[in-house]
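1. Based on what follows, work out the 3D shape:
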Amino acid sequence: MLKKKAGLFVLAVLLLFTVGGQFVWAAPDTSTSPQSWDVNVSLAQNNEVSLFSMQPRTLIIHEGDTVKFANNGGLAPHTVTFWGQTTPPTADQIDESYAAPSAPSGSSWDGQTMLNSGIFFPGQSYTVTFTASGVFPYLCLLHSSMKGTIIVVPAGQPIPSKDEQQQEQAAKLKELDQQFADLKKSRSVPSYEKNKNGSITYTGYAGSGTPDLMINLYSPSTFYINEGDTIKWVTDSHDFQFVLINLPKGFAAIDEKGEFNPLLEKPAGGPVFDGKEFVSSGAIMPDMSFQLTFAKAGTYTITDPLWNKTGKVIVAPKGAAKLVVNNVPVLTDVQVKQGQTLIPASSLSQITSAKLVVGKNLTKYTINKKTYVSVVEIVNAIGGKYNWDSVIKTAVVTTK
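-> Modelled structure (predicted):
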């Protein structure tokens, strides 16, 4: 009787999923033969983005079916943890004992006890055979936002076929691809505020994330600032991020014992960077930030050796005007004279490949015996867009 009631309960839950439009059953699967299913416990899409989530988030299977939970991410370890009918521990009760599996991979589970994979790394997996009907939520103990649900239906009862569930998952992945593209674009330009002393504080991301994604990029990848300006890096990623400058040669984020390099863990360097010293942010977690004031002009590489990403900070002399074309800094002498933004004629090719002639298409300006041309005239000639940001003294050009 109890099993029959459990089966009816699961079917009721299943009905909610189908009524919600998540699945359209062309040919329901009523198989009584055990099947094998796959769940990605994170999935590295490329060097820039990983699915930092259980994919699919919801999987519908039959009693007796087996699920392989595979860590297909790029670096981070994870767990697959079901509390079953037990009372979940509080956060401070979760200790090192949870790093080990509660049962070996390949075990059968009836949904009653706690089942924990222990920590497993990219390239590793954990397999479970589900022997009882029910709705079984689970999570990663290391990343609590990573959650999923296995819905187990009595053998012979209809469920969406494997093909249908895979098609649904493919549609979800396409949606996440667009999510990534939109977020990357929206963070390609930093926000900023002007300080009382006239300097600027820019804000960017050391790492980005959504409920399903972890983006392994500095956003923006390049800052173009002036001497005396400050950059504040924040993160809404799922895991800690780092900003390091002047990385020592041969630096390894993790040593042969699997321990973090102390230079990575602990902040190093002062709040003002002189261009020479080693700087480490230490671990930047969500709701934390790291900021650094750049005192000397130059071009500096920022590095996160754990997540293998790099960025750049270009520092112009204090008070110098700047030019950005299609979000890319143009390193040239920018002069602002009588309301005109001027650049050396020799830098014309850094804006456009169009054949524009000084004295014909473009007005000739002479400064210190050098020929300059107007950025606005160039933009008008090629049909682009121009904007002058007087707060950060930057001409912003779009030609695409």
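2. in the stretch 151-300 of the chain, which spans are strands?
-> Ranges of strands in the stretch 151-300 of the chain, per DSSP state E, counting those that start in this stretch, are 191-194, 200-209, 213-215, 222-226, 230-235, 244-245, 272-273, 279-280, 289-294, 298-304.
3. between those strands, which gets the lowest average pLDDT?
-> The stretch with the lowest mean pLDDT among those is strand 213-215, at a mean of 90.
4. Turn the strands of the stretch 151-300 of the chain into TSV, columns for mean neighbour count.
-> (C-beta placed from N, C-alpha, C; glycine too.) Below are the strands of the stretch 151-300 of the chain laid out as TSV (neighbours: other C-beta atoms under 10 Å):
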stretch	mean neighbour count
strand 191-194	13
strand 200-209	22
strand 213-215	24
strand 222-226	22
strand 230-235	22
strand 244-245	22
strand 272-273	18
strand 279-280	21
strand 289-294	18
strand 298-304	18
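5. Ala76 is nearest to which of those?
-> Among these, the nearest to Ala76 by C-beta to C-beta is strand 213-215 (8.1 Å).
6. hmm, back to that, which one of the strands of the stretch 151-300 of the chain lies nearest to Cys140?
-> When the strands of the stretch 151-300 of the chain are compared by C-beta to C-beta, strand 213-215 sits nearest Cys140, at 12.4 Å.
7. Roughly how far does Val41 sit from Met146?
-> 7 Å (C-beta to C-beta, to the nearest Å).
8. got any residues that touch both of these two?
-> Counting by C-beta atoms under 8 Å, 6 or more residues apart in numbering, the residues touching both Val41 and Met146 are Met54, His78, Cys140.
9. Next, count neighbours for Ala91.
-> Ala91 is flanked by 8 other residues according to other C-beta atoms under 10 Å.
10. next one: phi and psi at it?
-> When read as degrees, to the nearest 10, the backbone of Ala91 gives phi -60, psi -40.
11. That one: what's it in contact with?
-> With C-beta under 8 Å, 6+ apart, Ala91 has no contacts at all.
12. same deal with Gln169?
-> If you count contacts by C-beta under 8 Å, 6+ apart, Gln169 has them with Gln55, Pro56.
13. so where's the protein uncertain?
-> Residues of the chain meeting the criterion pLDDT under 70: 1-32.
14. Give me the sheet partners of the helix or strand hosting Phe69 and which way each runs.
-> Phe69 is located in strand 66-72, with elements delineated by DSSP states H and E. Partner strands and pairing direction for strand 66-72 (DSSP bridges) are strand 36-44 (parallel), strand 125-130 (antiparallel).
15. Put the alpha carbons of the longest one into CSV.
-> Spelled out, that is strand 36-44. Presented in CSV, the C-alpha positions along strand 36-44 are these (Å, rounded to 0.1, in the frame of the first residue of the first chain):
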residue,chain,number,x,y,z
SER,A,36,21.6,4.3,-17.5
TRP,A,37,21.5,8.1,-17.3
ASP,A,38,24.0,10.8,-17.1
VAL,A,39,24.2,14.1,-15.0
ASN,A,40,26.9,16.7,-15.5
VAL,A,41,28.1,17.9,-12.1
SER,A,42,29.5,21.1,-13.8
LEU,A,43,30.6,21.1,-17.4
ALA,A,44,33.4,23.1,-18.9
